[in-house]
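Peer 1: sequence unknown, structure follows:
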């Protein structure tokens, strides 16, 4: 049986999953939004573009939507920089809907229609238990057979929108690779919190969606166990950019890099947010909140009012945080401030550290100390801070994740090379593409 953790696609990371209606009612050109999306480039172009012939398109327009997908992808697919995965209709409880989705997939993937060579796979919504996933897989197997396509040349991504689908993720490790299915074609596991909320019969006092951190964790875990890629669902408040960023920060701490994007602006935010920072920054913990310090003349300056520091004598200080006041000597103050400060490394910093560890490893060393130091200024008081962090193989592998993400982006998105060099500088980009491995 095939190892389910062996990744079946070149891409290890997907940052953006961007959906577009396939047909807009009441327009002279019902495919206008598809055409706009097909011509996105650079940081506004998603890693995965999803012409959406399900929820984003009215039921009466879906047949026309299939025609639009074929026409637009045939015209623009060769130049589109990301992957193209149309979403077709499907439902675990409705054979008629499943059959209609199968017919749409047949039309889109027909080589005679001109779009087939640019279609990377299909997105299947509203799946149920693992047997339903196998039905969708079998439909795509038949599509490939009918059109003479290579087996498993069409990937399958599913949207987890039910408790059944959530539980099915736990079965994938055993099911992938069995001779009676082609589930190796699986690519993305995508959360669909809106329909999931409906399926769970969940309610909140305001009517807003629950945050569902458990679903996001389970999807990330299911993807990791099966060698797939996890993607979070849509963030509907398209004007709340900071909320969108915070959602992505929470997701990345769960191992979920990708997120659904509803607009080109969200695509640009989601494309850049997971990348390593272009410059490092120091943070100070003040009453449980991480405050970014201002770099100034080689120092890191705290300008808030919630923390104060006063020198009261030779090697004596008073540290006030909120309602807490402590008298400390210099060593005690150093330790307290070290506990409250943290450093967010830039890509240059990460590459420097990785290169230093690789050099040390080549010389036979298993671990080395990396020093972080700065001067913290609070009011009139300045304190020199320094800490050593031991780097061993495990530390190196953990630090490699953001660099591996960058390398994946650089390899698959040549349209973003110029913007990446503007962000980091050509020298850092070259070093980052060569480090690790």
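Peer 2: Great, that's in hand. None of these values were measured; they are calculated from a predicted model.
Peer 1: quick one, strands of the stretch 51-200 of the chain?
Peer 2: For the stretch 51-200 of the chain, strands defined by DSSP state E, counting those that start in this stretch occupy the ranges 83-84, 121-124, 155-160, 186-191.
Peer 1: Can you list the strands that the first one pairs with?
Peer 2: Translated: strand 83-84. Strands adjacent to strand 83-84 in the sheet, as given by DSSP bridges, are strand 48-52 (parallel).
Peer 1: what about the partner strand, distance to the chain center?
Peer 2: Centre-to-centre, strand 48-52 and its host chain are 16 Å apart (C-alpha atoms, centre = their mean, to the nearest Å).
Peer 1: re the thing from before, using JSON lines, lay out the strands of the stretch 51-200 of the chain together with mean pLDDT.
Peer 2: As requested, the strands of the stretch 51-200 of the chain are arranged in JSON lines below (pLDDT from 0 to 100):
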{"stretch": "strand 83-84", "mean pLDDT": "97"}
{"stretch": "strand 121-124", "mean pLDDT": "98"}
{"stretch": "strand 155-160", "mean pLDDT": "98"}
{"stretch": "strand 186-191", "mean pLDDT": "98"}
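Peer 1: Relative to residue 242, which of those strands is closest?
Peer 2: The closest of the strands of the stretch 51-200 of the chain to residue 242 is strand 186-191. By C-beta to C-beta, the value is 20.8 Å. Yep, even glycine has a C-beta here, placed from its N, CA and C like the rest.
Peer 1: tell me which residues of that closest one are tucked away?
Peer 2: Of all the residues in strand 186-191, those buried under the rule 16 or more other C-beta atoms under 10 Å are 186-191.
Peer 1: residue boundaries of the helices in the stretch 1-150 of the chain?
Peer 2: In chain order, the stretch 1-150 of the chain shows helices spanning 32-38, 62-76, 95-108, 130-147, with DSSP state H, counting those that start in this stretch as the criterion.
Peer 1: and those, which is most packed in?
Peer 2: For the helices of the stretch 1-150 of the chain, ranked by mean neighbour count under the definition mean count of other C-beta atoms under 10 Å, the leader is helix 62-76 at a mean of 21.
Peer 1: roughly how far out does that helix sit from the chain middle?
Peer 2: 28 Å.
Peer 1: Can you list the residue ranges for helices in the stretch 251-400 of the chain?
Peer 2: If DSSP H, counting those that start in this stretch is used as the criterion, the helices of the stretch 251-400 of the chain fall at 264-272, 330-340, 347-362, 393-412.
Peer 1: which secondary structure elements does the second one contact?
Peer 2: Here helix 330-340 touches strand 281-286, strand 316-321, strand 381-391, going by 3 or more C-beta pairs under 8 Å, 6 or more residues apart in numbering; DSSP states H and E.
Peer 1: if you set the cut-off to 6 Å instead, what comes out?
Peer 2: Counting by 3 or more C-beta pairs under 6 Å, 6 or more residues apart in numbering; DSSP states H and E, the packing neighbours recorded for helix 330-340 are strand 381-391.
Peer 1: The strand it packs on pairs with which strands?
Peer 2: strand 368-378 (antiparallel).
Peer 1: Can you list the buried residues in the strand it pairs with?
Peer 2: Of the residues in strand 368-378, 368, 370, 372, 374, 376-378 count as buried by neighbour count, 16+ other C-beta under 10 Å.
Peer 1: Let me see the mean pLDDT of that strand.
Peer 2: When pLDDT is averaged along strand 368-378, the result is 93.
Peer 1: buried ones in stretch 240-252?
Peer 2: 244, 247-248, 251-252.
Peer 1: So which residues make contact with that stretch?
Peer 2: 232, 235, 259, 269, 273 (C-beta atoms under 6 Å, 6 or more residues apart in numbering).
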